[in-house]
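A.B. asks: When you get a sec, could you give me coordinates for this:
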Amino acid sequence: MTYRIGVDIGGTFTDFALFDDATGLVHTHKQLTTPADPSTAVIEGVRTVTASAGLRVADIAVVVHGTTLVTNAIIERRGSVTAMLVTRGFADVLDIGLERRYDLYDLRLRFPAPVVPRQLRIEVEGRLREDGTEEQPLALEAVLPHLRQMVEAHGVQSVAVCFLHSYREPRHERIAVEWLQKHFPLLQISASADIFPYIREYERWTTACLNAYVQPVVGLYLTRLEAGLAQDGFRGRFLVMSSSGGTLTGETARRFPIRLLESGPAAGALMSASLGRSLDEMHILSFDMGGTTAKGCLIHDGQPLKRYELEVARTHEFKKGSGLPAKIPVLDMIEIGAGGGSLADIDERRTIRVGPRSAGASPGPACYGLGGTNPTLTDANLVLGYLDPQSFLGGTMTIDKGAARSAIEQHVGKALNVDAMRAAWGIHEIINEDVARAFRVHASERGSDYRNCSMIVFGGSGPLHGCRVARKLRIPRVICPWGAGVMSAFGLLASPLGFEVARSRRVGVDDIGALALAQQLEQLGVEARQFLVDAGVPVAEAQLHYRLDMRYEGQGYEVEVGLPDDLRTDAVHAALPALFATAYRTVFGTVFEERPIEIVNWKAEARGPVPGKDVLYHLPSPASVRPPIKGWRPAFFLEAQGTLDCPVYDRYAMPAGFSFDGPALVEERESTCVVAPGDRATIDAAMNLVIAVGGLQ
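C.D. replies: From the prediction side, this is the model:
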């Protein structure tokens, strides 16, 4: 038998899913995150979920982990002291940036400070030309005293090596890495040509500096976590989710921690895509809402959209250009500070403001009774009647409705002269509108019309808000899968080992022959596949996928062109013009037949087999047959301008084909789904709760 556990750390809760690949049985668990040391919650939760399945930790073959550690370390500036070796004359590139104003009319623009301060950047003599030939040899010995002084005086733990044109020829950076390893064996080292060798110095160097900044933190965390699991008897494989949707070994994650920026959210998007394909729903809006953030991902043709740059530590949440760019492969998602722990208060305009600040797991919402006194979205949902104080987390955690009401009255209701119920509805509805607005912007920027797709909702708070958000977006169908509250943990267990490499090399399609093109692609493929081979994946099972960033000669932007998997590498050259024309027309609606075409970036992705691909998973069956309705509870609905006494359904007692009309509440262990008046809900053959949104069919 093979037992696997997925662990997704969130800002408020840590989710667990244990898969039995022999029987398809799934056990789930959810517990409060331990912010001071997230590994504590992981180790305790693994013990709990294995015990609930009647197993020992030693029986587990694989643990797959998704984490927000990297994102939080950068945002909160809790990384290591990092130095930078940079080509002489270019030490100020991190401060100059792109020289773009993300708001033309704001005279008080603020940008996030680089993670490597100016005094820790060391300029090095030596330079390569644009074509990779050497103009001036490296002079590393001259900087040795300076770097030693930094290590002793400032406690430098990590170094980023960032030289000009290293994307074209990395030998200077590799020489510097070997030199650093010789003289400073305890330092962590990140070379920009190794982290992500793309053209454009600012983005490449910022990415390398971010990688170096979090490398010691991630290394220490993973070591502590692996040691804790081993102490409990775990002897299996430990994997970490990457931002691009593949899993990495612990060794690879330590080397490329920047690739963990969107570790947890990526798993949920992948699971949405997988669920959509199983339902023959190829166009999906994935909506994941937990305790701290809400994430949206557009899925087209059964696959989530991908990009190769994201921003972290933005000074303005919705303004592109206000953060630090990271050049890594990542699933294309929108993320905002909206979740169950989002704090509600009154802003300077005397209107309700919810988020992005969160109560997190400590002190948490007022209703948790852990010291929190400010109202949150969870407090509002409890006052509205959507949550049951006695059945929260399956009854393992009791929450205080009186404390929630008191917090809302004191901090929101009195200021607006409304009762607690109306104030709670205002909090709930503002989050709905914030999420809908973020999704509208995200889809508009990508030219996507989501109105005829379905929305898959999950996370602890997603099912509570899914139908209202869908109605605002004019999405006619909402799908709430079983185990929605821990679905990201499911996604971790359905994600294959994967790694992607990319290179910038600008060359005209007419200037490169078919043989040279094929050789370049095969070289990238071998490099990407080697990461999987080193992790134990047989060569024959490591699938390769190639993509090229192409443009018309003279343009300053590129269009990604995917190469068909069944296209032989020696036939790529002849097919490129047509493939590029199709991709360009899709984006811009036109093509320029006579313009020369050039390749700018080359990408190869290796993927291993999908674990548990052919297994039909299910939750444990109830010990006895139960009626679908477990009771009745008054809950607030706008349509009634007050509370309605509505049925509360047991998610585990409803058989396939069972249907009912809203208003209704559907409870499962980790989440509650709110079905509004006018909506029609049905349990499909795969036990998904499918909701037809009223008036949109």
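A.B. asks: hey, let's count contacts and neighbours off CA atoms from now on
C.D. replies: Fine.
A.B. asks: Next one: G228 from T247, what distance?
C.D. replies: Applying C-alpha to C-alpha, to the nearest Å, one obtains 21 Å for the distance of G228 from T247.
A.B. asks: which one of those two has more residues nearby?
C.D. replies: Looking at G228 and T247 with other C-alpha atoms under 10 Å, you find the greater number of neighbours at T247, namely 31 against 17.
A.B. asks: you'd agree that one is up against R237?
C.D. replies: No: T247 is beyond contact range of R237, at 11.6 Å (criterion: C-alpha atoms under 8 Å).
A.B. asks: Next, count neighbours for D449.
C.D. replies: Around D449 sit 12 other residues, with neighbours defined as other C-alpha under 10 Å.
A.B. asks: should've said A578
C.D. replies: As a burial measure, A578 scores 10 neighbours (other C-alpha under 10 Å).
A.B. asks: What distance do you get for it to D565?
C.D. replies: Applying C-alpha to C-alpha to A578 and D565 gives a distance of 16 Å.
A.B. asks: And for Q119, the neighbour number?
C.D. replies: For Q119, the tally of surrounding residues (other C-alpha under 10 Å) stands at 10.
A.B. asks: Equivalent analysis for the one 10 residues further on, please.
C.D. replies: Under the neighbour criterion other C-alpha under 10 Å, R129 is assigned a count of 14.
A.B. asks: List the residues that contact it.
C.D. replies: By C-alpha atoms under 8 Å, 6 or more residues apart in numbering, the contact list for R129 reads E135, H165.
A.B. asks: Recalculate using a threshold of 10 Å.
C.D. replies: By C-alpha atoms under 10 Å, 6 or more residues apart in numbering, the residues touching R129 are E135, Q136, L164, H165, S166, R168, E169.
A.B. asks: now V42
C.D. replies: For V42, the residues meeting the contact criterion (C-alpha under 10 Å, 6+ apart) are 7-9, 14-16, 31-34, 48, 65, 225, 228-229.
A.B. asks: State the pLDDT value of it.
C.D. replies: V42 is assigned a pLDDT of 92 by the prediction.
A.B. asks: so it is in which element?
C.D. replies: helix 38-52 (DSSP states H and E).
A.B. asks: buried ones in that helix?
C.D. replies: Burial within helix 38-52, assessed by neighbour count using 16 or more other C-alpha atoms under 10 Å, is assigned to P38, S39, A41, V42, I43, G45, V46, R47, T48, V49, T50.
A.B. asks: Closest to G556 out of those?
C.D. replies: Distance from G556 was checked for each of the buried residues of helix 38-52 by C-alpha to C-alpha. The minimum falls on P38, at 43.0 Å.
A.B. asks: so for stretch 359-367, what's the average pLDDT?
C.D. replies: Average pLDDT, stretch 359-367: 85.
A.B. asks: ditto for stretch 299-317
C.D. replies: Looking at stretch 299-317 alone, the average pLDDT works out to 82.
A.B. asks: how long is stretch 390-409 from one end to the other?
C.D. replies: Note: stretch 390-409 ends 22 Å apart using C-alpha to C-alpha.
A.B. asks: Kindly report the same for stretch 481-500.
C.D. replies: Stretch 481-500 end-to-end distance (C-alpha to C-alpha) = 30 Å.
A.B. asks: ok, now stretch 74-91?
C.D. replies: The distance separating the two terminal residues of stretch 74-91, taken as C-alpha to C-alpha, comes to 21 Å.
A.B. asks: buried sites along it?
C.D. replies: The neighbour-count criterion (16+ other C-alpha under 10 Å) identifies 74-75, 79-87, 90-91 as the buried residues of stretch 74-91.
A.B. asks: And these, which two are furthest apart?
C.D. replies: With distances taken as C-alpha to C-alpha, the most widely separated pair in those is I75 and T87, at 27.5 Å.
A.B. asks: after the helix holding V42, next one along is what?
C.D. replies: Next along the chain after helix 38-52, taking DSSP H and E as the criterion, comes strand 62-66.
A.B. asks: For that next one, name the packing helices and strands.
C.D. replies: Here strand 62-66 is seen to pack against strand 3-9, strand 13-20, strand 237-241, strand 247-249, helix 263-278, helix 487-493 when contacts are counted using 3 or more C-alpha pairs under 10 Å, 6 or more residues apart in numbering; DSSP states H and E.
A.B. asks: Dump that strand to CSV, restricted to CA.
C.D. replies: Only the C-alpha atoms of strand 62-66 are listed here, as CSV (Å, rounded to 0.1, in the frame of the first residue of the first chain):
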residue,chain,number,x,y,z
VAL,A,62,5.3,10.6,0.5
VAL,A,63,4.7,14.0,2.2
VAL,A,64,4.1,16.9,-0.2
HIS,A,65,4.3,20.4,1.2
GLY,A,66,3.0,23.7,0.1
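A.B. asks: To L128, which of the helices and strands packed on strand 62-66 lies closest?
C.D. replies: Across these, L128 has its closest neighbour in strand 247-249 (32.9 Å, C-alpha to C-alpha).
A.B. asks: So what touches the closest one?
C.D. replies: Contacts of strand 247-249 with the rest of the structure, by C-alpha under 10 Å, 6+ apart, involve 64-66, 237-242, 253-254, 256, 259-260, 263, 267, 492-499, 531-532, 534-535, 607-608.
A.B. asks: Drop anything exposed from those residues.
C.D. replies: Buried, going by 16+ other C-alpha under 10 Å: 64-66, 238-242, 253-254, 256, 259-260, 263, 267, 492-499, 531-532, 535, 607-608, out of these.
A.B. asks: still on that earlier bit, please identify, among the contacts of V42, the one with the most neighbours.
C.D. replies: Using other C-alpha under 10 Å as the neighbour definition, the contacts of V42 reach their maximum at V7, which records 32 neighbours.
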